[in-house]
Each structure stands twice: as structure tokens, then as C-alpha cells.
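need a 3D model of the following:
(one chain, ligands or ions: 2)
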Amino acid sequence: MGKAGKNKGCQRCGNCCTTLTIAMNNVAADADAQELGRWAALHRCDPLRFPSGCLAVRVPLVCRWLEFDGTHYRCHDYEHRPQICRDYQCDRAKGDKAAG
Ligand code: SF4
Ligand code: SF4
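Ligands and ions are numbered 1, 2, ... in the order given. So this is what the prediction gives:
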């Protein structure tokens, strides 16, 4: 969250640190919309299809390092966050107004 230089407009909503997106390849659901619907309903996850055709699911997973100060969320170990966190580019953080 709030990756300096990438997401300068970060609102510290914490959304990016509360879900895990898993890409899936070569699964039956990839070619069968009904199967995908059953899979998503039974597992209570959000199926995603990216413009590239890649299929993925988004599942709830709150990072243990996520903190809430009563107003905003922050990473408790921001300096040591993994590269996947540093590379994340957020659609919600467009704009150049820094949130801190
Ligand atoms: S605005 Fe985007 S980068 Fe900032 S915390 Fe929310 S989801 Fe994460
Ligand atoms: S390590 Fe920090 S930036 Fe990465 S998911 Fe956890 S709280 Fe978010």
C-alpha cells in the first residue's frame, strides 16, 4: 500500500493488503463459464478475467502486517515489505496527490 513513486495518490484504504489474487492456468473453468460460476460460488471468491485472457480468483487474506490507526491503514513493516508489494500498481491511487 502507498508505494512511493507508484501510487502517490494512495488513500490508505488497505484494500490491496486484504486480498490475494491467484492466477489460474489450464483449468477446466477457463473454458467453461458455468463451471467457473459453480467454482466461484462454492469457494466464495471473485473470479477475474484479465484482458490478456488470464483467469484468476481473488480471495480474502488480510496481511498480518496491516495496521489500522482508526482512520487509515498502514504497513507495519513498510521498509521490509516484499517486492510484490513494491511493484503493485493501484487503480484507486491514480493522481499525484500524495497521501503520505
Ligand atoms: S489506495 Fe490503492 S495502494 Fe493505497 S491502500 Fe488503497 S488499494 Fe492500496
Ligand atoms: S507486507 Fe505491508 S504492503 Fe505488503 S501486503 Fe502486508 S501490509 Fe501490505
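
kindly report the residues of the protein close to ligand 2.
Taking Cβ under 6 Å from any ligand atom as the contact definition, the chain meets ligand 2 at 1, 17, 63, 65-66, 75, 81, 85. No exception for glycine: its C-beta is placed from N, CA and C like everyone else's.

which of the residues you listed fall in strands?
66, 75 (DSSP state E).

and the residues of the chain next to ligand 2, which are buried?
The neighbour count (16 or more other Cβ atoms under 10 Å) marks 1, 17, 63, 75, 81, 85 as buried among those.

considering those residues, which member attains the minimum pLDDT?
Lowest pLDDT among these: residue 1, with 66.

now for the least confident helix or strand in the chain by mean pLDDT, which elements pack on it?
Least confident helix or strand, the chain: strand 46-49 with a mean of 75, by mean pLDDT, DSSP states H and E. Packing partners of strand 46-49 (3 or more Cβ pairs under 8 Å, 6 or more residues apart in numbering; DSSP states H and E): helix 33-43, strand 55-60.

where does pLDDT dip in this structure?
1-5, 26-31, 94-100 (pLDDT under 70).

from the middle of its chain, how far away would stretch 68-83 be?
In terms of Cα atoms, centre = their mean, to the nearest Å, the centre of stretch 68-83 is found 15 Å from the chain centre.

so which bits of that stretch are buried?
72-75, 81.

and if you look at stretch 10-19?
Buried-residue list, stretch 10-19, by 16+ other Cβ under 10 Å: 10-14, 16-17.

pull the distance from that stretch to the chain's centre.
Counting by Cα atoms, centre = their mean, stretch 10-19 comes out at 8 Å from the chain centroid.

is that stretch in proximity to ligand 1?
Yes - on the criterion Cβ under 6 Å from any ligand atom, stretch 10-19 is in touch with ligand 1 at 10-16.

which of those sits closest to ligand 2?
Nearest to ligand 2 among these is residue 16, at 6.5 Å by Cβ to the nearest ligand atom.
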